[in-house]
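Enquirer: requesting a structural model of the entry that follows:
(one chain, ligands or ions: 3)
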Amino acid sequence: MIKRIVTLAGDGIGPEIMDSALAVLQAASQETDFDYTNDKQLFGGSAIDQTGYALPKDTLEACQSADAILLAAIGGPRWMNAQQTPEKGLLALRKALQLYANIRPIKVADSLVHLSPLKAEIVTGTDFVVVRELTSGIYFGEPREKRTTEAFDTNRYTVTEIERLIRQAFTIARGRKKHVTSVDKANVLATSQLWREVAERVAKDYPDCTLEHQYVDSAAMKLVTNPTSFDVIVTENLFGDILSDEGSVLPGTLGVLPSASHSVNGSSLYEPIHGSAPDIAGQNRANPVSMILSVAMMLRQSFQEVALANQIETACYATMAKGILTPDLGGTATTTSMTEAIIDELNKVPTIV
Ligand code: NAD
Ligand code: IPM
Ligand code: MN
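Expert: Ligands and ions are numbered 1, 2, ... in the order given. Predicted structure coming up:
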């Protein structure tokens, strides 16, 4: 069966890293049984420019019927104060596809420990997953309004929304070190108090796993002082957004971190955790690894192509371990030369059987 992958290259460095990731996918899959088509769709600022909408109807329909979606990044100063913004399009897409579970793995390979701004003894062995709620909370709660002299947002969570995410976290933990850290602000927020109650109740169904609660301020501190104490972090939309960017400090750059977003039974979306990096767009200096690893996550999680995914991940880490790095990690490689080096490395990995 030929898989239909919808690709949303978006804005800024988006098209550059999407080209890289698709080149790697093509190289990795060419002599295998994995067959796919690339359905390119407009999304974000470039879609606003061409159609007036950040999430055009055709794009949404293509995504709804896709086998998987790859998104690079959207946004930029040009569209910041417009009525239609790329970010609103991104939130609308997440909501329309009900992509409630955003999985953001943060791992520091031993060979790359020296690239972290943190001391080696702190960062060595870091390997955790942030499970971020993506379709509710303060990002979507009503009422919300910006008036002249005041503005307000609403943080709202239902038991159903919390429960399905906590279950995802425990399911992921079962395939790992079986430890879940639920992050909240239950000393202040009502939503967090409900969150904690639901987490406690759901944990009883996973007696082989441990559950720990942490306040978000303390978790933010522990992420950089004791990152190896985490296995699976589960948290609400806003906290997850912030903590996952903080987590990117550990491997030394946002440019190597992929993510997957899942719904109950629709197509999944794979994207780097970073944005469109307008400061380096068009300069051929973006790190393509986050997008390439997003492709690997897609192969593993949507298509069960585990060997292909492993091959791509191994090639990325081997290339970086050799010191071939883009400027965000202190190197001089360009997006294109890094991509070529990863493809070369791919050709050295034994072909899958
Ligand atoms: P950003 O993630 O785009 O960039 C933050 C910093 O990290 C910048 O210095 C950038 O150069 C660097 N960086 C990010 N990705 C990199 C890569 N692959 N290689 C090398 N360096 C990289 O965050 P920002 O500057 O706060 O936001 C820029 C725009 O992106 C905004 O419009 C924002 O709303 C949007 N955004 C989009 C997404 C998304 O598409 N999912 C995510 C985050 C931010
Ligand atoms: C992310 C981004 C988005 C978010 C923005 C661009 C709406 O920061 O994917 O992490 O806040 O979720
Ligand atoms: Mn973010």
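Enquirer: for ligand 2, what are the nearby residues on the stretch 51-200 of the chain?
Expert: Taking Cβ under 6 Å from any ligand atom as the measure of proximity, the stretch 51-200 of the chain contacts ligand 2 at G75, E87, L90, L91. (C-beta placed from N, C-alpha, C; glycine too.)
Enquirer: who are the neighbours in contact with the first one?
Expert: Spelled out, that is G75. Each residue near G75 by Cβ atoms under 8 Å, 6 or more residues apart in numbering is listed here: G10, D11, G12, G44, G45, T85, P86, E87, L90, G275, S276, P278.
Enquirer: show me the two of the residues you listed that sit farthest apart.
Expert: Put simply, by Cβ to Cβ the two of the contacts of G75 set farthest apart are L90 and P278, 15.4 Å from each other.
Enquirer: between the two, which one's more packed in?
Expert: More crowded of L90 and P278, by other Cβ atoms under 10 Å: L90, with 22 against 16.
Enquirer: what separates that one from G175, distance-wise?
Expert: 28 Å (Cβ to Cβ, to the nearest Å).
Enquirer: same deal with L189?
Expert: Taking Cβ to Cβ, one finds L189 at 30 Å from G175.
Enquirer: same deal with L97?
Expert: Counting by Cβ to Cβ, the separation of L97 from G175 is 24 Å.
Enquirer: more neighbours: which of these two?
Expert: L97 (22 against 9).
Enquirer: what's around whichever residue of the stretch 101-250 of the chain sits closest to ligand 2, how many residues?
Expert: Nearest residue of the stretch 101-250 of the chain to ligand 2: D241, at 4.5 Å (Cβ to the nearest ligand atom). Neighbour count for D241, taken as other Cβ under 10 Å: 19.
Enquirer: and the helix or strand hosting it, what does it pack onto?
Expert: Take DSSP states H and E as the rule and D241 turns out to sit in helix 237-247. Contacts defined by 3 or more Cβ pairs under 8 Å, 6 or more residues apart in numbering; DSSP states H and E place helix 237-247 against strand 101-107, strand 127-133, strand 179-184, helix 216-225, strand 232-235.
Enquirer: list the buried residues for it?
Expert: Neighbour-count burial for helix 237-247, with 16 or more other Cβ atoms under 10 Å as criterion, is recorded at N237, L238, F239, G240, D241, L243, S244, E246, G247.
Enquirer: is that helix positioned near ligand 1?
Expert: No: residues of helix 237-247 are not located near ligand 1 by Cβ under 6 Å from any ligand atom, the shortest gap being 7.5 Å.
Enquirer: give me the distance from that helix to the chain's centre.
Expert: Centroid separation for helix 237-247 versus its chain: 11 Å, with Cα atoms, centre = their mean, to the nearest Å.
Enquirer: what average pLDDT does the next helix or strand after it get?
Expert: Note on helix 237-247: by DSSP H and E, the next helix or strand toward the C-terminus is strand 258-262. For strand 258-262, the mean per-residue pLDDT is 98.
Enquirer: quick check: neighbours of strand 258-262 in the sheet, parallel or antiparallel?
Expert: strand 101-107 (antiparallel), strand 269-272 (antiparallel) (DSSP bridges).
Enquirer: export these to a markdown table and tack on mean neighbour count, mean pLDDT and distance to ligand 1?
Expert: Output for the strands paired with strand 258-262, formatted as a markdown table (neighbours: other Cβ atoms under 10 Å; pLDDT from 0 to 100; distance: least, Cβ to the nearest ligand atom, whole Å):
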| stretch | mean neighbour count | mean pLDDT | distance to ligand 1 |
| --- | --- | --- | --- |
| strand 101-107 | 22 | 97 | 10 |
| strand 269-272 | 27 | 98 | 5 |
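Enquirer: now distance to T334 too, for those strands, in a markdown table please.
Expert: What follows is the strands paired with strand 258-262, written out as a markdown table (distance: least, Cβ to Cβ, whole Å):
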| stretch | distance to T334 |
| --- | --- |
| strand 101-107 | 25 |
| strand 269-272 | 18 |
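Enquirer: for M1, find the nearest of those strands.
Expert: strand 269-272 (19.1 Å).
Enquirer: could you export the closest one as CSV, CA atoms only?
Expert: C-alpha atoms of strand 269-272 as CSV (Å, rounded to 0.1, in the frame of the first residue of the first chain):
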residue,chain,number,x,y,z
LEU,A,269,1.5,14.8,12.7
TYR,A,270,5.3,14.9,13.0
GLU,A,271,7.2,18.2,13.5
PRO,A,272,10.3,19.7,15.1
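Enquirer: right, and the helix or strand after it?
Expert: Per DSSP H and E, strand 269-272 leads on to helix 289-301 as the next helix or strand towards the C-terminus.
Enquirer: tilt between that following helix and strand 101-107?
Expert: Interaxial angle, helix 289-301 versus strand 101-107 (axes from the mean of the first three to the mean of the last three Cα atoms, to 10 degrees): 120 degrees.
Enquirer: what about helix 289-301 and ligand 2, touching?
Expert: No: figure legend: helix 289-301 not in contact with ligand 2 (Cβ under 6 Å from any ligand atom); closest approach 11.7 Å.
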